[in-house]
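# Sharing a model that was predicted from the sequence below.
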Amino acid sequence: MTDLSAVKFFVTPLHKCSYLPRQDAITLFADPKASLDRDLYSDLSELGFRRSGNYLYRPHCKQCSACIPVRIPVDEFQPSRKQKRVMKRNADLTVNKLPAIYNEEHYQLYARYITHKHSDGDMYPPSPEQYESFLLSEWGNTFFYEFRTPEKLVAVAVCDIMINGLSAVYTFYDIDETKRSLGVMGVLWQIQEAKKMGLPSVYLGYWIKECQKMSYKTEYRPLEMFVNNHWVNVK
């Protein structure tokens with residue numbers, strides 16, 4: 001357990017909210033000059049922090065509590081019929097674990113995904129520099145899990161292996177493979193992988209009720225939500 005009282009934190013000025021239109025936001029950051037490592041990352045994940053690049057952050061808005069950290073308790077998880085069909089549909093895929101370094105094939109898939117799926121978001125327009133600053137980390141214990149058919153790369157799940165679980169940092173995929181539901185498959189595979197590794201949770205980041213793009217996170221049950229500084233199990 002890290003002594004969190006020794007960690008400095010900083011808040012940003014008001015900035016445009018990435019999730020809710022016409023809303024301003026404030027973000028709390030762990031001191032990026034501190035000794036950030038997997039232990040601190042794991043401890044702060046218990047308090048709702050996430051990683052972006054080399055930064056650990058959490059929403060810190062005074063007038064809004066819409067961003068709720070969520071995680072899946074893997075031993076309790078039961079796939080729905082729909083999720084079982086997704087796994088069956090993707091049984092032909094092979095998964096390779098690769099180190100978190102720049103990979104041109106991965107980047108091209110990412111750039112196409114962002115351009116077609118998230119052209120209204122902070123990650124557009126994509127660039128190699130933006131890709132690296134978002135997904136890579138010097139200390140995050142990060143891996144890229146690539147999903148392949150015999151013919152091509154169809155998805156990449158970027159995942160941090162923490163002491164207390166897997167953090168699903170980001171998944172991007174081939175937008176032409178809509179029938180595969182590759183975003184769902186990426187989460188289901190990480191649940192299975194966490195269970196194999198004896199880790200208790202898969203951390204999905206933030207869920208916002210009013211944000212349609214995040215609605216998929218409540219399809220995994222049971223789900224734990226961090227509310228009033230406690231993890232609450234939602235069946």
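The structure has been received and is ready for your questions.
# Skip the chain neighbours and tell me the closest residue to the residue nearest to the spatial centre of the chain.
In the chain, the C-alpha nearest the mean C-alpha coordinate belongs to residue 169, at 2.8 Å (Cα atoms, centre = their mean). Once flanking residues are discounted, residue 169 sits nearest to residue 158: 4.3 Å by Cβ to Cβ, 6 or more residues apart in numbering. Every C-beta, even on glycine, is put in place using the N, C-alpha and C of the backbone.
# C-terminal to the host helix or strand of the one you found, what's the next element?
With elements taken from DSSP states H and E, the one containing residue 158 is strand 153-161. Downstream of strand 153-161, the next assigned helix or strand under DSSP H and E is strand 166-173.
# I'd like the next helix or strand past the helix or strand of the chain with the lowest mean pLDDT.
One helix or strand of the chain scores below all others by mean pLDDT, DSSP states H and E: strand 15-16, with a mean of 92. Heading C-terminal from strand 15-16, the first helix or strand you meet, by DSSP H and E, is strand 24-25.
# quick check: mean pLDDT across that following strand?
In this model, strand 24-25 has a mean pLDDT of 94.
# Could you spell out the sheet neighbours of that strand, each with its direction?
With DSSP bridges as the test, strand 24-25 is paired with strand 15-16 (antiparallel).
# re earlier: what angle do the strand holding residue 158 and strand 166-173 make?
Orientation of strand 153-161 against strand 166-173 (axes from the mean of the first three to the mean of the last three Cα atoms, to 10 degrees) gives an angle of 160 degrees.
# Paired strands for strand 153-161, with orientation please.
If you go by DSSP bridges, strand 153-161 pairs up with strand 142-148 (antiparallel), strand 166-173 (antiparallel).
# got the contact list for residue 16?
23, 24, 25 (Cβ atoms under 8 Å, 6 or more residues apart in numbering).
# now the last one: how far from residue 51?
Just to be clear, that refers to residue 25. In this view, residue 25 and residue 51 are 18 Å apart by Cβ to Cβ, to the nearest Å.
# Comparing the two, which residue is more hemmed in?
Using other Cβ atoms under 10 Å as the criterion, residue 25 and residue 51 rank with residue 51 on top: 25 against 18.
# residues of the host helix or strand of residue 42 that come out buried?
In this assignment (DSSP H and E), residue 42 forms part of helix 38-45. For helix 38-45, the neighbour count (16 or more other Cβ atoms under 10 Å) marks 40, 41, 42, 43, 44, 45 as buried.
# Let me see the mean pLDDT of that helix.
Mean pLDDT, computed over helix 38-45, is 96.
# what does the helix or strand following it contact?
Later in the chain than helix 38-45, the nearest helix or strand by DSSP H and E is strand 50-52. Around strand 50-52, the neighbours that count as contacts under Cβ under 8 Å, 6+ apart are 41, 56-58, 69, 134, 137, 140, 160, 167, 169, 203, 205-206.
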